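[1] How does the following fold in three dimensions:
(one chain, ligands or ions: 1)
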Amino acid sequence: MKQLWAPWRMSYIDEGAKESGCIFCNKAKQTDLREALVVAQTPHSMVMLNKYPYNNGHLLLAPKRHEKDLPSLPVEEYVDLNEALRRSVDILRKIFNPGGINLGMNLGHCAGAGVEDHLHWHVVPRWEGDTNFMPVVAETKVMPQHLLDSYDRLKPYFEYLSP
Ligand SMILES: [Zn+2]
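    Numbers count the residues shown, from 1 in each chain. Below you'll find the model as predicted:
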């Protein structure tokens, strides 16, 4: 069994891939937010649960615009994304009370990006010892109810982020 020491580098659990087109751009177009696991849409960004989570409450935050280059992100969109990041940390702490949280962004394939062409943050709540007992398979097996439960718990807290 693979030990997961750096969740933000686990590209193969990242976004599952296999979907045609950009998964983030696809999500932005989906009308059923719950099905898309999108908990918030800010003016320039979206916050969603990772479909293939490393841990409970594993979020992905992406700009709405298809952009792969961080420095090319206009300041307004960058600030919007990072404000969503800051709030996400706050919300995850309130709801899941994790021992810690990993924030990670993979730029480029060799850095572990599963989706290279669309910037995104990984926000991963961590608990003492979770690397030892939280194999990806176990986590994906408890989907999808598990994910929807998390979604329903998180959604009201993210309400004020969405215009
Ligand atoms: Zn995209």
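[2] from here on, contacts and neighbour counts on C-alpha atoms
    OK.
[3] mind listing the helices for this protein?
    Here the chain has its helices, by DSSP state H, at 11-14, 23-29, 33-36, 75-96, 130-133, 136-141, 145-158.
[4] Now distance to residue 44, mean neighbour count and mean pLDDT too, for the ones you listed, in a markdown table please.
    As requested, those are exported to a markdown table (distance: least, C-alpha to C-alpha, whole Å; neighbours: other C-alpha atoms under 10 Å; pLDDT from 0 to 100):
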| stretch | distance to residue 44 | mean neighbour count | mean pLDDT |
| --- | --- | --- | --- |
| helix 11-14 | 22 | 18 | 43 |
| helix 23-29 | 11 | 17 | 92 |
| helix 33-36 | 16 | 15 | 92 |
| helix 75-96 | 6 | 16 | 96 |
| helix 130-133 | 33 | 13 | 57 |
| helix 136-141 | 29 | 14 | 44 |
| helix 145-158 | 15 | 16 | 88 |
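[5] so which of those gets nearest the ion?
    Of all those, it is helix 23-29 that lies closest to the ion, at 4.1 Å by C-alpha to the ion.
[6] is any part of that closest one close to the ion?
    Yes. Judged by C-alpha under 5 Å from the ion, helix 23-29 and the ion are in contact via 24, 25.
[7] what sits up against that helix?
    15, 17, 36, 38, 46, 62, 64, 65, 66, 118 (C-alpha atoms under 8 Å, 6 or more residues apart in numbering).
[8] Show me what the spatially most central residue of the chain is bridged to.
    The centroid of the chain falls nearest to residue 60 when counting by C-alpha atoms, centre = their mean (1.5 Å). Residues in a beta bridge with residue 60, per DSSP bridges, are residue 48, residue 122.
[9] how far away is residue 48 from residue 129?
    25 Å (C-alpha to C-alpha, to the nearest Å).
[10] for residue 43, same thing?
    Using C-alpha to C-alpha, residue 43 is found at 37 Å from residue 129.
[11] so residue 44 sits right up against residue 82, yeah?
    No. Between residue 44 and residue 82 there is no contact under C-alpha atoms under 8 Å: 10.6 Å.
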